[in-house]
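>>> okay, sequence plus prediction incoming.
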Amino acid sequence: MEPTRRIDVISDAICPWCWIGKTNLDAALALLGPAAAGFSVHWRPFQLNPDMPPEGVERAAYRARKFGSVTRGAELDANVAEAGRKVGLEFRHDLMLRTPNTVHAHRLLQWSGARQHAMAEALFGAYFRDGKDIGDVAVLAEVAATLGLDASAFLASDELVEEVRAEDAYFRKIGISGVPSFAVDGRVLFSGAYPAEQIAAALTRQAA
């Protein structure tokens, strides 16, 4: 079956709920069985921290400033880790030393073409499980290589930088303020890491 409905996942590579949301989307598509072939998944860029310096920042200090204290940041990390465990994901916040600028990660994701969905998983795993600095183009080239892709020349260029920033600005303009957000054929259905069963039900309604 040729895909007839487009699922856009508006996401950031450093959004923990986006990794959980992807996992739940994959499970939802599995629940749909053969009907899942009627959908194609596309990843769209959104920056949680659009003003982040290009080199990123030290994560612990950044989280303390953002949430008021190191303790509060740790509490939120623990909540995310528990939610991740429930869907089979391991978050290693102890390995995550920097909060990166994600423009280059978004560029890589858009460049990946037909491998986009696999690249999204690779980026989430590199950051949240392995603690890698995915704002570093050398690290991103290594992530791409795990999928058999040579992205070194692309990452050394400025290709897709403006496109990523323009899409990010567009989503803000239309009122999206949180990710993951899921759209089907351009219509935003919901934002958040909904359980697989709810996602499957929403997709079933769209396919009817």
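Noted; the coordinates are in hand.

>>> drop to CA atoms for contacts and neighbour counts, all remaining ones
Noted.

>>> quick check: buried residues in stretch 171-181?
176, 178-181 (16 or more other CA atoms under 10 Å).

>>> span of that stretch from start to end?
10 Å (CA to CA, to the nearest Å).

>>> who touches that stretch?
By CA atoms under 8 Å, 6 or more residues apart in numbering, the surrounding residues in contact with stretch 171-181 are 9-12, 15, 17-18, 21, 46, 188-193.

>>> hmm, 6 Å instead?
9-11, 18, 190-192 (CA atoms under 6 Å, 6 or more residues apart in numbering).

>>> return the subset of those residues lying in helices.
residue 18 (DSSP state H).

>>> quick revisit: check the buried residues of stretch 171-181 and tell me the two furthest apart.
Within these, 176 and 180 form the most distant pair, 9.7 Å apart (CA to CA).

>>> endpoints of stretch 108-117, how far apart?
Distance between the boundary residues of stretch 108-117 (CA to CA) amounts to 12 Å.

>>> sec struct for the closest residue in space to residue 193 that isn't next to it in sequence, please.
The shortest distance from residue 193 to any non-neighbouring residue, by CA to CA, 6 or more residues apart in numbering, is to residue 21 (4.1 Å). What DSSP: H, G, I helix; E, B strand; the rest coil gives for residue 21 is helix.

>>> for residue 21, the count of nearby residues, please.
27 (other CA atoms under 10 Å).

>>> isn't it right up against residue 191?
No: counting by CA atoms under 6 Å, residue 21 stays clear of residue 191, with 9.5 Å between them.

>>> quick check: the gap between residue 156 and residue 178.
Counting by CA to CA, the gap from residue 156 to residue 178 is 30 Å.

>>> now residue 29
23 Å.

>>> buried subset of the contacts of stretch 171-181 as a ChimeraX selection?
A single ChimeraX command is used to select the members of the contacts of stretch 171-181 judged buried by 16+ other CA under 10 Å:
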select :9,10,11,18,191
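
>>> so which of the contacts of stretch 171-181 would you say is closest to residue 53?
After measuring these against residue 53 - CA to CA - the closest member comes out as residue 11, at 19.3 Å.

>>> what stretches of the protein score poorly on pLDDT?
Within the chain, the stretches with pLDDT under 70 are 1-2.

>>> burial of the closest residue to residue 56 other than its chain neighbours, as a residue count?
Nearest non-adjacent residue to residue 56, counting by CA to CA, 6+ apart: residue 100, 4.1 Å away. The tally of other residues near residue 100 (other CA under 10 Å) stands at 25.

>>> I'd say residue 100 and residue 54 touch.
No: Residue 100 is beyond contact range of residue 54, at 7.6 Å (criterion: CA under 6 Å).

>>> quick one: the strands in the chain?
Secondary structure of the chain (DSSP state E): strands at 5-11, 39-45, 57-58, 98-99, 181-184, 187-191.

>>> out of these, nearest to residue 89?
strand 5-11 (17.5 Å).

>>> what lines up beside the closest one in the sheet?
Sheet partners assigned to strand 5-11 using DSSP bridges are listed as strand 39-45 (parallel), strand 181-184 (antiparallel).

>>> chain center to the shortest one: distance?
Which is strand 181-184. Relative to the centre of its chain, strand 181-184 is centred 13 Å away, using CA atoms, centre = their mean, to the nearest Å.
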